[in-house]
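> I'll drop the sequence and a predicted model, then ask my questions.
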Amino acid sequence: MTEDLSSRPRPAEAGARRPSTGVEIDRVKVGGGAPVVVQSMTNTDTEDPVSTAKQVAELARAGSELVRITVNTPAAAAAVPRIRERLDMMGVSVPLIGDFHYNGHQLLEGEPACAEALAKYRINPGNVGFGKKKDAQFASIIEMAIRYGKPVRIGANWGSLDQSMVAALMDENSQRANPWDAGHVAREALIRSALDSAARAEDLGLPRDRIILSCKVSGVQELIAVYRDLARRGDYALHLGLTEAGMGSKGITASSAALAVLLQEGIGDTIRISLTPEPGQSRTGEVIVAQELLQTMGLRAFTPLVTACPGCGRTTSEFFQELAKTVQGHVRERMPEWRVKYDGVENLTLAVMGCVVNGPGESKHANIGISLPGNGEAPSAPVFIDGEKSLTLRGDNIADEFVAILDNYVETHYATRQD
Ligand code: SF4
């Protein structure tokens, strides 16, 4: 690696946001100029209030600002107020969103305490009901939202498109002088499903500042095309997410690629990264990816991030990789406490570099940086604080000493919160 990082320009400012109608979900504002909100979804059985409340709390503590739970049976609907109570007792105030399919109208009518405890309802216009019942069931859910003063996400999905609408659009398309291809017709069906449902919700009396839209697909290019079009055709607040993104690096890459393009264009008011966890893996991974996506794009700051070089033939040991991991892990572990105590600590920048080639330069750009010795270099590690060489670490305790410098910096450089 020969690029001179010390002369690299700092990132440009993130672009302007698309104007959208703000929606209040309890104390969390989505759209209307608010910062892009991170949300997530549980994978526990909602009928089990203990495990569901535990996972919601984990997601909230990881930084999820809204958490969605499946509400699919009468027992799940009955459990919702108990989940809310448990969370309140744990001091976790994150708003809960109920995810309804097929029987949402019955569940909300049958369990008024569920309708009250939820902060928002999510419905899919493609499976809110079928045939003649569809309009009545959709209206019933919207009327419940009006009665309880709740916002609604109208979330259309590629996998559950309203087939009668697709058929009507196919007929319409066949009359065109230059017919669209099948993909274009399907995208239009998805967008119209969301927009027509939103217009109907407004006709029924749900104000626009209580409506959020989403049109989820599983392909990166399709998602970008759909949301660009959706964003042009209205000012509803938009929920962004690539559905069925997949596992591990594939899911992270696909979601980041799609969402980054849209966010850079100012599109998207709240995001969810739909990762499939590995068996036994924490659900919180999707929250960390969402935060890191927004933070690396300069849209939000959640936690100090560590800049680290990738390593190369100039480093023979893994020490600097381990140090980078130790420092990032330490920051994540301390952040729940730091966030409460120290104002602005999320903007702290750190660098852990592997040799003298780019180490000092990149370290000077960080609040705290360390340049470890590469092959053939003297066994010393200069530490830079706010651009100035501050001290040199040597010996076997470099990791502990660097972490102590980090803790001291946080305690002495950020104002203590008064609230
Ligand atoms: S060790 Fe790191 S900083 Fe040094 S040349 Fe290799 S990649 Fe660049």
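Noted; the coordinates are in hand.

> residue contacts, the closest residue to residue 48 other than its chain neighbours?
With C-beta to C-beta, 6 or more residues apart in numbering as the criterion, residue 48 has its nearest non-adjacent residue at 7.2 Å, and that residue is residue 79. The way it works is simple: take the backbone N, C-alpha and C, and place the C-beta from them, glycine included. Contacts for residue 79 were tallied using C-beta atoms under 8 Å, 6 or more residues apart in numbering; they are 46, 47, 48, 49, 52.

> The last one - that's part of a helix, no?
Translated: residue 52. Yes - per DSSP: H, G, I helix; E, B strand; the rest coil, residue 52 lies within a helix segment.

> my guess is it contacts residue 84, does it?
No - counting by C-beta atoms under 8 Å, residue 52 stays clear of residue 84, with 10.5 Å between them.

> Would you mind telling me which of these two has more residues around it?
residue 52 (26 against 23; other C-beta atoms under 10 Å).

> Look up which helix or strand the residue nearest to residue 48 falls in, please.
Assigned by DSSP states H and E, residue 79 belongs to helix 74-89.

> average pLDDT for that helix?
If you average the pLDDT over helix 74-89, you get 98.

> so what does whichever helix or strand comes after that helix touch, helix or strand wise?
Next helix or strand after helix 74-89 toward the C-terminus (DSSP H and E): strand 96-100. The contact analysis (3 or more C-beta pairs under 8 Å, 6 or more residues apart in numbering; DSSP states H and E) places strand 96-100 against strand 66-70, helix 74-89, helix 104-110, strand 120-123.

> still on that earlier bit, so the helix holding residue 79 versus strand 66-70, what angle?
Going by axes from the mean of the first three to the mean of the last three C-alpha atoms, to 10 degrees, helix 74-89 is angled at 150 degrees with respect to strand 66-70.

> Let me see the contact set for the nearest residue to residue 411 once chain neighbours are set aside.
Nearest residue to residue 411, sequence neighbours excluded (C-beta to C-beta, 6+ apart): residue 342, at 7.7 Å. Counting by C-beta under 8 Å, 6+ apart, residue 342 touches 410, 411, 414, 415, 416, 417.

> ok, and of those, which contact the ligand?
Among these, no residue lies close to the ligand (C-beta under 6 Å from any ligand atom).

> that older thread, which of the contacts of residue 79 tops the neighbour count?
Neighbour count (other C-beta under 10 Å) singles out residue 52 as the most crowded of the contacts of residue 79, with 26 neighbours.

> The helix holding residue 79: which residues count as buried?
76, 77, 78, 79, 80, 81, 82, 83, 84, 86, 87 (16 or more other C-beta atoms under 10 Å).

> repeat for stretch 44-63
Within stretch 44-63, the residues scored as buried using 16+ other C-beta under 10 Å are 44, 46-47, 49, 52-60, 62-63.

> and if you look at stretch 29-48?
Buried residues in stretch 29-48 (16+ other C-beta under 10 Å): 29-32, 34, 36-42, 44, 46-47.

> circling back to that earlier point, ok, so of the buried residues of helix 74-89, who is nearest residue 221?
residue 76 (35.7 Å; C-beta to C-beta).

> Is it correct that the closest one is in contact with residue 70?
Yes - between residue 76 and residue 70 there is a contact at 6.7 Å, judged by C-beta under 8 Å.

> overlap in contacts of those two?
Shared contacts of residue 76 and residue 70, defined by C-beta under 8 Å, 6+ apart, comprise residue 46.

> Pretty sure residue 306 sits in a helix.
No - under three-state DSSP, residue 306 sits outside any helix and is assigned strand.

> Please determine how far the residue of the stretch 101-250 of the chain found nearest the ligand is located from residue 285.
Closest residue of the stretch 101-250 of the chain to the ligand, C-beta to the nearest ligand atom: residue 249 (20.8 Å). Per C-beta to C-beta, to the nearest Å, residue 249 is found 11 Å from residue 285.

> Show me which of the two is the more surrounded one.
Set residue 249 next to residue 285 and count neighbours by other C-beta under 10 Å: residue 285 wins out with 19 against 8.

> give me phi/psi at residue 394?
Phi and psi for residue 394, reported as degrees, to the nearest 10, are phi -140, psi 160.

> can you pull the contacts of the residue nearest to it when sequence neighbours are not counted?
Using C-beta to C-beta, 6+ apart and skipping the chain neighbours, the partner closest in space to residue 394 is residue 380 (5.1 Å). Shown in contact with residue 380 (C-beta under 8 Å, 6+ apart): 373, 392, 393, 394.

> Residues of this structure that sit close to the ligand?
By the rule C-beta under 6 Å from any ligand atom, the part of the chain lying against the ligand is 1, 309-312, 314-315, 353-355, 357-359, 374.

> for the host helix or strand of residue 400, packing partners?
Assessed by DSSP H and E, residue 400 sits inside helix 398-413. Judged by 3+ C-beta pairs under 8 Å, 6+ apart, helix 398-413 is in contact with helix 319-341, strand 368-371, strand 381-385.

> in its sheet, what does the last one sit against?
Looking at strand 381-385 with DSSP bridges, its paired strands and their directions are strand 368-371 (antiparallel), strand 388-393 (antiparallel).

> Low-confidence stretches in the stretch 301-419 of the chain?
Across the stretch 301-419 of the chain, the ranges flagged by pLDDT under 70 are 316, 419.

> could you redo the last one with a cut-off of 90?
Along the stretch 301-419 of the chain, the model assigns pLDDT under 90 to residues 305-306, 310-322, 324, 332, 336, 355-356, 373-380, 395-396, 417-419.

> thinking again about what came up before, tell me which of the strands paired with strand 381-385 is the most buried.
For these, the largest average neighbour count (mean count of other C-beta atoms under 10 Å) is found in strand 368-371, namely a mean of 28.

> CA atoms only for that strand, dumped as PDB, please.
Provided in PDB are the C-alpha atoms of strand 368-371 (Å, rounded to 0.1, in the frame of the first residue of the first chain):
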ATOM      1  CA  ILE A 368      -6.100   9.600  19.100                       C
ATOM      2  CA  GLY A 369      -3.900   7.600  16.800                       C
ATOM      3  CA  ILE A 370      -1.100   5.000  17.200                       C
ATOM      4  CA  SER A 371       1.500   4.000  14.600                       C
END
